[in-house]
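1. Next one to model:
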Amino acid sequence: MADGHTITIEQGDRRVRVVHGDQVLAESDRPLVLKETGCPVRYYLPPEDVRLDLLTPSETHTHCPFKGDASYWSLPDATDLVWAYPDPKPDVAQIKDHLCFYEVEVL
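-> Just a heads-up that it's a prediction; the model follows:
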C-alpha cells in the first residue's frame, strides 16, 4: 500500500444486519471487516446473505487506487446503496463479490 495507507481485512465474529425502511436487505454472521486508513470500518457481506432480488444494478462505477473498480446496486428509493468489487486488487482479493452497504447494524 502507499505510504501510510493501510487496509486490513479480518473475519468478523458478530452478526450484522442491513435494514432500509422496514425491509431487511442483508443479515450475516460472517462479514469481512475492512479497516482502511482515513475511512470508516466497512462490513463486506457474502452474496448469499444479501437479498439480491431486491437490488437493481446501477450505472455507477467508481475506482479506488487501493481496492480496484466498484460496481453499485440501488433500491427504488435509495440510489447506489450497496457496492462490490468484482475484480479487486490482489491485496484485498478476499472481498471479491462481497457486498458492502453504507449503513450496517452490528448486533
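2. Buried residues in the helix or strand encompassing residue 82, which are they?
-> Secondary structure from DSSP states H and E places residue 82 in strand 78-84. Neighbour-count burial for strand 78-84, counted by 16 or more other C-beta atoms under 10 Å, picks out 78, 80-84. No exception for glycine: its C-beta is placed from N, CA and C like everyone else's.
3. Kindly indicate whether the most far-flung residue of the chain relative to its centre is helix, strand or coil.
-> The C-alpha centroid of the chain is most remote from residue 3, which lies 24.3 Å away (C-alpha atoms, centre = their mean). Recorded secondary structure, residue 3: coil (DSSP: H, G, I helix; E, B strand; the rest coil).
4. residues touching the closest residue in space to residue 27 that isn't next to it in sequence, list them.
-> Sequence neighbours aside, residue 17 is the residue nearest to residue 27 in space, at 4.7 Å (criterion: C-beta to C-beta, 6 or more residues apart in numbering). Neighbouring residues of residue 17 by C-beta atoms under 8 Å, 6 or more residues apart in numbering: 24, 26-27, 104-105, 107.
5. If you rank the residues you listed by neighbours, which is first?
-> Comparing those on neighbour count, residue 26 comes out first with 25 neighbours (neighbours: other C-beta atoms under 10 Å).
6. That residue pairs with what?
-> Per DSSP bridges, the residues bridged to residue 26 are residue 18, residue 50.
7. wait, which of the contacts of residue 17 is closest to residue 48?
-> Using C-beta to C-beta, residue 26 comes nearest to residue 48 of the contacts of residue 17, at 10.0 Å.
8. wait, what's in contact with the closest one?
-> 16-18, 45, 49-51, 99, 101.
9. Residue 28 too?
-> Residue 28 makes contact with 15-16, 43, 45-46, 49-50, according to C-beta under 8 Å, 6+ apart.
10. hmm, 6 Å instead?
-> 16, 45, 49 (C-beta atoms under 6 Å, 6 or more residues apart in numbering).
11. Most neighbours among those residues, which one?
-> Neighbour counts for the contacts of residue 28 (other C-beta under 10 Å) peak at residue 45, which has 25 neighbours.
12. which regions of the chain sit below the pLDDT cut-off?
-> The model of the chain has pLDDT under 70 over residues 1-2.
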